[in-house]
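S.K.: Could you work out the structure for the sequence below:
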Amino acid sequence: MTISRDIYTEPQDVDLRTLEQLGPLRPMAGIWEGQRGLDVKPKAEGPRKQAYVERIELQPIDPVTNGPQLLYGLRYHTHITKPGQVKTYHEQVGYWLWEPATQTVMHTLTIPRGQVAMAAGRVAPDAREFELVATQGLETWGICSAPFLQQAFRTSEFRIRVFFNDDGSWGYDEDTVLHIEGQEAPFHHTDRNLLHMVAQPTPNPLARAAT
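M.R.: Below you'll find the predicted structure:
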């Protein structure tokens, strides 16, 4: 990526309507539910499969500038439970970001286990499928964990593949590579789900103000 010598001047051609400028992320905007998630997680006795139910809200944010850099994005919150239960099984917050100038998708995630990550990949604006990667040890597109996870369940890589279907649904496959204390081989902690829309997105604040 080439950085402009002028790192302060903001772009002038900013579209206030984030929903119109999300590129490949546009089909993800809204509120979604998935009833048939599958988590394959590590346990002392070996891998365990766990079904899960998911609700994820992805709402457009106002355009973001870092000097000349321009980003459009979705703020998200994922809440997951086991079928028929109320207790949180997994929760996650962050942003999906699109940089039109470099055709880059960025995915930031924070989970309440003491871990954050940022995955990214080059994606065509009209892509119907894409994959993003985060790798531990990198200064960009990396992974950072609290001491316990770093020692006992060190995450060296995170991959997420997103795909869109003709019926408007979308889904994902995730692969989190763990190095578990006492085990020689890495463990592939996988998750997948198919999501269906339950509510349309709410336009971002600047877009609402403009209308």
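S.K.: So what touches the helix or strand of the chain with the lowest mean pLDDT?
M.R.: Within the chain, confidence by mean pLDDT, DSSP states H and E is lowest for helix 205-210 among all helices and strands, at a mean of 95. Helix 205-210 is touched from outside by 16, 17, 18, 19, 60, 62, 63, 202, with contacts defined as C-beta atoms under 8 Å, 6 or more residues apart in numbering. Where C-beta positions appear, they are placed from N, C-alpha and C, glycine not excepted.
S.K.: For the residue positioned nearest the centre of the chain, list each beta-bridge partner.
M.R.: Closest to where the C-alpha atoms of the chain average out (C-alpha atoms, centre = their mean) is residue 107, at 4.1 Å. On the basis of DSSP bridges, residue 107 is bridged to residue 96, residue 119.
S.K.: Now do the contacts for it.
M.R.: Contacts of residue 107 by C-beta under 8 Å, 6+ apart are 94, 95, 96, 97, 118, 119, 120, 132, 160.
S.K.: try residue 201
M.R.: 19, 29, 30, 31, 58, 59, 60, 74.
S.K.: Which residue lies closest in space to the fourth one, excluding its sequence neighbours?
M.R.: Right, residue 31. Spatial nearest neighbour of residue 31, chain neighbours left out: residue 199 (3.9 Å); criterion: C-beta to C-beta, 6 or more residues apart in numbering.
S.K.: Now do the one you found against residue 179, distance only.
M.R.: As judged by C-beta to C-beta, to the nearest Å, residue 199 and residue 179 stand 40 Å apart.
S.K.: Among these two, which residue is more densely surrounded?
M.R.: residue 179 (17 against 10; other C-beta atoms under 10 Å).
S.K.: Sketch out the low-pLDDT regions of the chain for me.
M.R.: Judged against pLDDT under 70, the low-scoring parts of the chain cover residues 1-2.
S.K.: redo that, cut-off 50
M.R.: Within the chain, no stretch has pLDDT under 50.
S.K.: Nice, that's everything, thank you.
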